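Participant: Structure for this input, please:
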Amino acid sequence: MEFRYQDPYPIQKDDTVYKKLTSDYVKVEKLGDREILTVDPKGLELLAEEAMADVSFMLRSSHLESLRRIIDDPEATDNDRFVAYNLLQNAAVAAEGALPSCQDTGTAIVMGKKGENVYTGVDDGEFLSRGIFNTYQKRNLRYSQVVPLTMFDEKNSGSNLPAQIDIYAKKGDYYEFLFLTKGGGSANKTFLYQKTKSLLNEKSLEEFIKEKISDLGTAACPPYHLALVIGGTSAEANLAAVKKASAKYYDHLPTEGNEAGQAFRDLEWEAKVQKICQESAIGAQFGGKYLTHDVRVIRLPRHAASCPVGMGVSCSADRNIKGKITKEGIFLEQLEQDPKRFLPATPPHLEEAVEVDLNKPMQDILADLSKYPIKTRLKLNGTLIVARDIAHAKIKELIDSGKPMPEYFKNHPIYYAGPAKTPEGMASGSFGPTTAGRMDVYVDEFQSHGGSMIMLAKGNRSKDVADACNKYGGFYLGSIGGPAAILAKDNIVSVDVVDFPELGMEAVRKIEVKDFPAFIITDDKGNDFFANLATS
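Facilitator: Presented below is the predicted three-dimensional model:
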């Protein structure tokens, strides 16, 4: 057999619309017979800074068009339309540039492909990191990176660094980039399954996908752009392809394989998986057709004894943006600047929400909620206590040491969230819910002490939570994952730190809310909305 080299991912075209940032920082120099594109490192810093700013406040037009299609689809449920409408409203608020689209402004990720004739003379990762640092310092973004000091001791880095930066070599005289900010919700919904050849038949693959779609749940803020990658020369190659496919980076791969092992999209299976997602009835967070906007299925070569399968999503904060540096200058993908144009003239119709006064005694609030079935839409008014992972761990430490649970955990509903920085003149930074499931382990014990009787967050929860609510008379309320900017602008009146200020965004806060939207997901009788979906 003759040697044949195959580009593993032969992307056939790039139809991205770019805007030019500057002609500065680049020049062409001769080195013998070669032309070298010399890039001043300040150009890398500028590109990363602008990319992280744009992607935190704006989305792709194609993503917003997809949200509008949900509203216009007669087969969409009222819940689907309600979520899509809220996400479009949120995009309009975020595009104003003060409140980022999601409070979890993510891990900064940069993938670069550097041509052999591009010269910078520096560690490119350092200057890309400088640009990322600048944006997180200057804008109203959240520092989410926690650095280990020992195996068990950690602290917030205070800068959102370190970033993940991966740079590859390629032919040519230009430098291309994909920038992402990946929040914890969607990152935690990336799965690797080590399978075998036995999966690779129509029946087995379909059964496998149906089973695993339920693992996605709603914790990562659907509707999703779902990526499924089958094969890969290694597990890490598979998962790298999952991330890029979910960002639409591989949309222009071939649609068939070849004997050299090129990656390809399988359009037939994309349609099948999309249908499976629609038939799951999970919908856009609260039941319906739109768990996913769309699906990408990528097939890769594999070792004969291994068949890695990866699944991941880009969530409603679809934060992906391309950049490039050429001899003409520095360019960045143009994101949508006017999301309002996708909003319908009138909002989707919904039944009137039930108003809940959170300033009543806890037992009275519980009695009020007990009158209504799961799926009831609520408007919350009054005081919430904000606490998430580290605060819950701190409170468990108090209980374990024989100290009482703080009274605020007993007297008020607990909102699982962590805010972005507060813009000047506003009451709050972007402040949407975080994934509820991470706090499941605490619920039974905390409710046994009279705390966490009403919890507010996003996504589905374990049966243990439903059992605890049934035992102690508690409730879990679901909030829409994704519209963090509009919640900050329209629904959060004030924010005050009440405990553990040293934890930064993980500190315990007291917030006052008005007309804060929520649904009853788990009630005091043990009924659970998502469990009902699974058995219906």
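Participant: Report the separation between Y476 and I209.
Facilitator: 28 Å (CB to CB, to the nearest Å). Bear in mind the C-beta positions are built from the backbone N, C-alpha and C, glycine included.
Participant: What of I385?
Facilitator: 40 Å.
Participant: Neighbour count for those two, which is higher?
Facilitator: I385 (23 against 20; other CB atoms under 10 Å).
Participant: Quick check: the more buried one is in a helix.
Facilitator: No. If the criterion is DSSP: H, G, I helix; E, B strand; the rest coil, then I385 is strand and not within a helix.
Participant: from what I can see G478 touches D523, true?
Facilitator: No. Using CB atoms under 8 Å, G478 makes no contact with D523, being 11.8 Å away.
Participant: between the two, which one's more packed in?
Facilitator: G478 (28 against 23).
Participant: Distance check, the residue lying closest to that one once chain neighbours are set aside against W269.
Facilitator: Distances taken as CB to CB, 6 or more residues apart in numbering place I521 nearest to G478, at 4.1 Å, with adjacent residues excluded. Look at I521 and W269: by CB to CB, they are 32 Å apart.
Participant: if I read this right, the residue nearest to G478 contacts L477, doesn't it?
Facilitator: Yes. I521 is within contact range of L477, at 6.3 Å (criterion: CB under 8 Å).
Participant: What average pLDDT does stretch 504-520 get?
Facilitator: The pLDDT scores in stretch 504-520 average 93.
Participant: how about the CA coordinates for that stretch, as CSV?
Facilitator: Extracted C-alpha coordinates of stretch 504-520, given in CSV (Å, rounded to 0.1, in the frame of the first residue of the first chain):
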residue,chain,number,x,y,z
GLY,A,504,-16.3,36.0,46.5
MET,A,505,-19.1,34.9,44.1
GLU,A,506,-19.7,31.9,46.3
ALA,A,507,-20.6,34.0,49.4
VAL,A,508,-24.0,33.8,50.9
ARG,A,509,-26.2,36.7,49.8
LYS,A,510,-29.7,38.0,50.6
ILE,A,511,-31.6,39.3,47.5
GLU,A,512,-34.9,41.0,47.1
VAL,A,513,-36.9,39.9,44.0
LYS,A,514,-40.0,41.0,42.3
ASP,A,515,-42.1,38.9,39.9
PHE,A,516,-39.2,36.4,39.7
PRO,A,517,-40.4,33.6,37.4
ALA,A,518,-40.4,30.0,38.6
PHE,A,519,-42.2,26.7,38.2
ILE,A,520,-43.1,24.0,40.9
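Participant: Show me the helices in the stretch 101-250 of the chain, by range?
Facilitator: In the stretch 101-250 of the chain, the helices defined using DSSP state H, counting those that start in this stretch lie at 124-138, 184-187, 202-216, 235-246.
Participant: about what we covered before: gap between the residue nearest to G478 and L503?
Facilitator: 27 Å.
Participant: So between these two, which is more surrounded?
Facilitator: I521 (31 against 19).
Participant: Just list the residues touching the more buried one, thanks.
Facilitator: I374, N460, R461, Y476, L477, G478, D528, F529, F530 (CB atoms under 8 Å, 6 or more residues apart in numbering).
Participant: can we see that at 10 Å?
Facilitator: With contacts defined as CB atoms under 10 Å, 6 or more residues apart in numbering, I521 is in contact with 218, 286, 374-376, 436, 455-461, 465-466, 469, 475-479, 527-531.
Participant: Please pick the buried ones from those residues.
Facilitator: Buried members of the contacts of I521, counted by 16 or more other CB atoms under 10 Å: 218, 286, 374, 376, 436, 455-461, 465-466, 469, 475-479, 527-531.
Participant: In strands, which of those residues fall?
Facilitator: Counting by DSSP state E, the part of these found in strands is M455, L456, A457, F475, Y476, L477, G478.
Participant: Quickly list what's touching both of G478 and D523.
Facilitator: By CB under 10 Å, 6+ apart, G478 and D523 have these common neighbours: I374, F529.
Participant: Any stretches of this structure with poor pLDDT?
Facilitator: Scanning the chain for pLDDT under 70 picks out 533-536.
Participant: Please name the spatially closest residue to F177 (chain neighbours excluded).
Facilitator: G323 (4.1 Å).
Participant: Note down every partner strand of whichever strand or helix holds the one you found and its orientation.
Facilitator: Assessed by DSSP states H and E, G323 sits inside strand 320-326. Sheet pairing of strand 320-326 (DSSP bridges) gives strand 175-182 (antiparallel), strand 329-333 (antiparallel).
Participant: And the ones you listed: which comes nearest F3?
Facilitator: strand 175-182 (27.4 Å; CB to CB).
Participant: Export only the CA atoms of the closest one, formatted as PDB.
Facilitator: Extracted as PDB, the C-alpha positions of strand 175-182 are listed here (Å, rounded to 0.1, in the frame of the first residue of the first chain):
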ATOM      1  CA  TYR A 175      -3.400  32.300  12.200                       C
ATOM      2  CA  GLU A 176      -7.000  31.200  12.900                       C
ATOM      3  CA  PHE A 177      -8.800  30.900  16.200                       C
ATOM      4  CA  LEU A 178     -11.900  29.600  17.900                       C
ATOM      5  CA  PHE A 179     -12.700  31.300  21.200                       C
ATOM      6  CA  LEU A 180     -15.200  29.800  23.700                       C
ATOM      7  CA  THR A 181     -16.400  30.600  27.200                       C
ATOM      8  CA  LYS A 182     -17.700  27.400  28.700                       C
END
